[in-house]
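Participant: fold the following and give me the result.
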Amino acid sequence: MALATLITLTDIQLAYGHHPLLDHADFAIQAGERIGLIGRNGAGKSSLLRLLDGRTLPDDGDIARSSGLRVATVEQEPELDENATVFDVVCNVEGDHEDWQRPSRVRAILEKLGLPADVQIAGLSGGTRKRVALARALVEEPDLLLLDEPTNHLDFDGIAWLEEMLRSWRGAAVIITHDRRFLDAVTTRIVELDRGRLLSFPGNFSQWQERKAQWLESERLEQARFDKLLAQEEVWIRKGVEARRTRNEGRVRRLESLRVQRAERRERIGDVSLALAEGQRSGKLVAELEHVGKTFGDKIVVDDYSTTILRGDRIGIVGPNGAGKTTLLKLILGEMQPDTGTTRLGTNVAVAYFDQMRAQLDENASLVDIISPGSEWVEIGGTRKHVMTYLGDFLFSPARAGSPVRSLSGGERARLLLARLFARPANVLVLDEPTNDLDIETLELLEELLQEYAGTVLLVSHDRAFLNNVVTQTIAYEGEGRWRDYVGGYDEWVAQRPASRPAHAADADADAKPVDESAARGKVAKPKPAKATKINAWDLRELEGLPDAIAALEAQQAELAGKLADGSLYRDAPAEVDRINGELAKLESELEERFARWELLEARRDGTL
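Facilitator: Residues are numbered from 1 along each chain as shown. Down below sits the predicted model:
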């Protein structure tokens, strides 16, 4: 039985500036779906959420909502009554006087999220405010929940709880997030906002990565065929006298149409270009702590902690909100003196900071002044660049270079801070929640850059995939001011930590177990090749034909993935979506078998079996 459709967008247009954010887009949300909405910073993801909850109207097109649809939204930076208590904000009794069970639901949710009921909003941190806004939305028990970067500022406990809640929740959800692990754990469909279009891919983020590659290849081939046809027609129209004698008016009109289509094609935006100004090398020893202790009043933040940090270490610092990660960073870098024990900073240490609160950015300064005050040039890795070119590397156009910081979105501010950070010669990078507000493609580029960085990295993050991909060592909070060193990233920390770990870390277990990626993506395991000694003529003929057979199967995959990317298919023919997914699963299985057969026959031919 087909699921009920909650909301349908048909031929939607929405524009702010030169390029439309939504360009004749179709989109439908069915009951129970958990949709991950991804796309570049500035693509229009938050604007789409405002269309879905009715805060914004489209320039053109239709939006149809099911009768009595209840929608709740949690924004990136939620607005809360500063003078109210947490309980009053979440309960919001003015919104519904008839809901007698509301106070008990509020108390249960506050307890699950670890929120203090009687504390005023004015004194809360950004992470706690986010959890309050999330609790307020959940209390409404909406049919459709819209979440804009819900994992920003949440610790591992909060993220694990949110994952479990969304997996068991009966309503539908649209979630904007950069957290790839979260997308894999929660979503049933990925929708990418790309150049004004909404492209749909069933499954989680890992499955989207495979199908997006197929879809992009299909798009490339289609555009190549189009460009070839256009080039042929342009040659024909320029043949002069001969062409005028034989000119077909229908063919001329088709050429005019082809020119218009090519002019309107929106090319894929380039990637951010990242490079670091590393400066002089530090000494081999970067920092050393011996039996360090630090307290604030009655709270023990660091208790008898010792560690040694060497040049080239990439260290992740993990722990719940309020554990003292920033305090530990300041002790390591000599910016704060311990109450007990000793700290020592190495020689020639030059530090650059990435601040999660973006406090380093002057709201009234222009982008140029932020990057290179008083100069038109920056020097990156021994190469001198004009500041306009450098800003272009971070996807800021020359027209934006004179704009004030206050005009930037959250993602653009993150990119600008990265640009400023990388323009400062440094051999120690301190990154405090650098993944907040970055789009996934920029995030992956940052990972690659940090993996190749010859200096030292100190990273505070709750992005589990980012920690796994970047750090070589983890400093973890063990409770009551105790900190401990572990080898490896997030998953290694989870595997190594003692069974008697504190309760704040327990909820992360289910998510943190190593995942069989091939099983998660629905792949079948490759069969073990049987023993053989020599290839015969029949097998050799089969081996020669396998590349073409595999290419044909991959072409079918790309074609089917292209069909699934059409958002209107989910609205008009949900049964067709299921049929195509079944075909894709069969093709994937057949491809695995062909590749396994190829490996086997090649081994026989080469005599390695």
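Participant: helices of the stretch 301-450 of the chain, start to end?
Facilitator: Along the stretch 301-450 of the chain, counting by DSSP state H, counting those that start in this stretch, helices occupy 325-332, 367-371, 387-393, 410-422, 440-452.
Participant: in JSON lines, list these along with mean pLDDT.
Facilitator: Listed next are the helices of the stretch 301-450 of the chain as JSON lines, based on pLDDT from 0 to 100:
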{"stretch": "helix 325-332", "mean pLDDT": "93"}
{"stretch": "helix 367-371", "mean pLDDT": "88"}
{"stretch": "helix 387-393", "mean pLDDT": "85"}
{"stretch": "helix 410-422", "mean pLDDT": "80"}
{"stretch": "helix 440-452", "mean pLDDT": "84"}
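Participant: hey, where'd the helices end up in the stretch 101-250 of the chain?
Facilitator: Going by DSSP H, counting those that start in this stretch, the stretch 101-250 of the chain shows helices at 102-113, 126-139, 156-168, 180-186, 205-237, 241-246, 249-264.
Participant: least reliable of the ones you listed going by mean pLDDT?
Facilitator: Per-stretch mean pLDDT for those is lowest at helix 241-246 (a mean of 50).
Participant: can you name the residues that contact T307?
Facilitator: By Cβ atoms under 8 Å, 6 or more residues apart in numbering, the contact set of T307 is E288, L289, I332, I475, W483, D485. C-beta: built from backbone N, CA, C; applies to glycine.
Participant: specify the beta-bridge partners of it.
Facilitator: L289 (DSSP bridges).
Participant: equivalent analysis for R65, please.
Facilitator: Note on R65: beta-bridge partners by DSSP bridges are I7.
Participant: how near is it to D572?
Facilitator: Distance of R65 to D572, computed by Cβ to Cβ, to the nearest Å: 17 Å.
Participant: wait, W493 touches R484, no?
Facilitator: No - using Cβ atoms under 8 Å as the test, W493 is too far from R484 to be in contact (9.3 Å).
Participant: looking at those two, which is more packed in?
Facilitator: W493 (26 against 15; other Cβ atoms under 10 Å).
Participant: phi, psi of that one?
Facilitator: phi -60, psi -50 (degrees, to the nearest 10).
Participant: ok, now which ones touch it?
Facilitator: Counting by Cβ under 8 Å, 6+ apart, W493 has contacts V318, T474, A476, Y486.
Participant: could you export these to TSV, including columns for neighbour count, pLDDT and secondary structure?
Facilitator: Shown next, in TSV, are those (neighbours: other Cβ atoms under 10 Å; pLDDT from 0 to 100; DSSP: H, G, I helix; E, B strand; the rest coil):
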residue	neighbour count	pLDDT	secondary structure
V318	25	95	strand
T474	24	95	strand
A476	21	96	strand
Y486	19	93	strand
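Participant: of the residues you listed, closest to I309?
Facilitator: Distance to I309 across the contacts of W493 (Cβ to Cβ) is lowest for T474, with 12.7 Å.
Participant: quick one on the thing from earlier: as TSV, the helices of the stretch 301-450 of the chain with mean neighbour count and distance to D566 would be great.
Facilitator: Below are the helices of the stretch 301-450 of the chain laid out as TSV (neighbours: other Cβ atoms under 10 Å; distance: least, Cβ to Cβ, whole Å):
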stretch	mean neighbour count	distance to D566
helix 325-332	20	45
helix 367-371	21	38
helix 387-393	19	33
helix 410-422	22	27
helix 440-452	17	22
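Participant: to T56, which of the ones you listed lies closest?
Facilitator: Distance to T56, taken as Cβ to Cβ, is lowest for helix 410-422 among the helices of the stretch 301-450 of the chain, at 17.8 Å.
Participant: end to end, how far does stretch 164-172 reach?
Facilitator: Counting by Cα to Cα, to the nearest Å, you get 14 Å between the two ends of stretch 164-172.
Participant: neighbouring contacts of that stretch?
Facilitator: 6, 29-35, 138, 141-145, 173, 175, 185-186, 507, 510.
Participant: to the chain's geometric centre, what's the distance from that stretch?
Facilitator: Distance of stretch 164-172 from the chain centroid (Cα atoms, centre = their mean, to the nearest Å) equals 21 Å.
Participant: next one: stretch 305-325
Facilitator: Offset of stretch 305-325 from its chain centre (Cα atoms, centre = their mean): 24 Å.
Participant: nearest the middle, which residue of this structure would you pick?
Facilitator: For the chain, the residue nearest the mean C-alpha position is H178 (2.2 Å; Cα atoms, centre = their mean).
Participant: hmm, E444 and it touching each other?
Facilitator: No - at 10.1 Å, H178 does not count as touching E444 under the criterion of Cβ under 8 Å.
Participant: make CSV from the helices of the stretch 301-450 of the chain and add distance to R597 to it.
Facilitator: As requested, the helices of the stretch 301-450 of the chain are exported to CSV (distance: least, Cβ to Cβ, whole Å):
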stretch, distance to R597
helix 325-332, 52
helix 367-371, 55
helix 387-393, 45
helix 410-422, 46
helix 440-452, 33
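Participant: ok, which of those comes nearest V89?
Facilitator: Evaluated with Cβ to Cβ, these place helix 410-422 nearest to V89, the distance being 22.4 Å.
Participant: elements contacting the closest one?
Facilitator: Here helix 410-422 touches strand 351-354, helix 367-371, helix 387-393, going by 3 or more Cβ pairs under 8 Å, 6 or more residues apart in numbering; DSSP states H and E.
Participant: how many other residues sit next to R314?
Facilitator: By other Cβ under 10 Å, neighbour count at R314 equals 19.
Participant: R604 and R597, how far apart?
Facilitator: Applying Cβ to Cβ to R604 and R597 gives a distance of 11 Å.
Participant: who's in contact with L591?
Facilitator: I550, L553, E554, Q557.
Participant: for it, grab phi and psi.
Facilitator: phi -60, psi -40.
Participant: that one and T343, how far apart?
Facilitator: For L591, the distance to T343 equals 56 Å [Cβ to Cβ].
Participant: picking that back up, pipe the helices and strands packed on helix 410-422 into CSV and attach distance to L51 per row.
Facilitator: Compiled in CSV, these are given as follows (distance: least, Cβ to Cβ, whole Å):
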stretch, distance to L51
strand 351-354, 33
helix 367-371, 29
helix 387-393, 31
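Participant: for D432, find the nearest of these.
Facilitator: Of the helices and strands packed on helix 410-422, nearest to D432 by Cβ to Cβ is strand 351-354, at 6.1 Å.
Participant: which helices and strands does that closest one pack with?
Facilitator: Using 3+ Cβ pairs under 8 Å, 6+ apart, strand 351-354 sits against helix 410-422, strand 428-432.
Participant: would you mind giving those as JSON lines with distance to G582 added?
Facilitator: Listed next are these as JSON lines, based on distance: least, Cβ to Cβ, whole Å:
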{"stretch": "helix 410-422", "distance to G582": "37"}
{"stretch": "strand 428-432", "distance to G582": "44"}
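Participant: among the ones you listed, which is nearest T347?
Facilitator: strand 428-432 (12.2 Å).
Participant: what packs against that closest one?
Facilitator: Looks like strand 428-432 contacts helix 325-332, strand 351-354, strand 456-460 (3+ Cβ pairs under 8 Å, 6+ apart).
Participant: just the strands in the stretch 1-150 of the chain please.
Facilitator: Remark: strands assigned in the stretch 1-150 of the chain by DSSP state E, counting those that start in this stretch are 5-15, 20-30, 34-38, 60-65, 71-74, 144-148.
Participant: turn the ones you listed into JSON lines, columns for mean neighbour count, mean pLDDT and distance to E542.
Facilitator: Output for the strands of the stretch 1-150 of the chain, formatted as JSON lines (neighbours: other Cβ atoms under 10 Å; pLDDT from 0 to 100; distance: least, Cβ to Cβ, whole Å):
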{"stretch": "strand 5-15", "mean neighbour count": "19", "mean pLDDT": "93", "distance to E542": "48"}
{"stretch": "strand 20-30", "mean neighbour count": "22", "mean pLDDT": "91", "distance to E542": "44"}
{"stretch": "strand 34-38", "mean neighbour count": "24", "mean pLDDT": "95", "distance to E542": "41"}
{"stretch": "strand 60-65", "mean neighbour count": "14", "mean pLDDT": "94", "distance to E542": "52"}
{"stretch": "strand 71-74", "mean neighbour count": "21", "mean pLDDT": "94", "distance to E542": "56"}
{"stretch": "strand 144-148", "mean neighbour count": "24", "mean pLDDT": "96", "distance to E542": "51"}
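Participant: alright, I will stop here.
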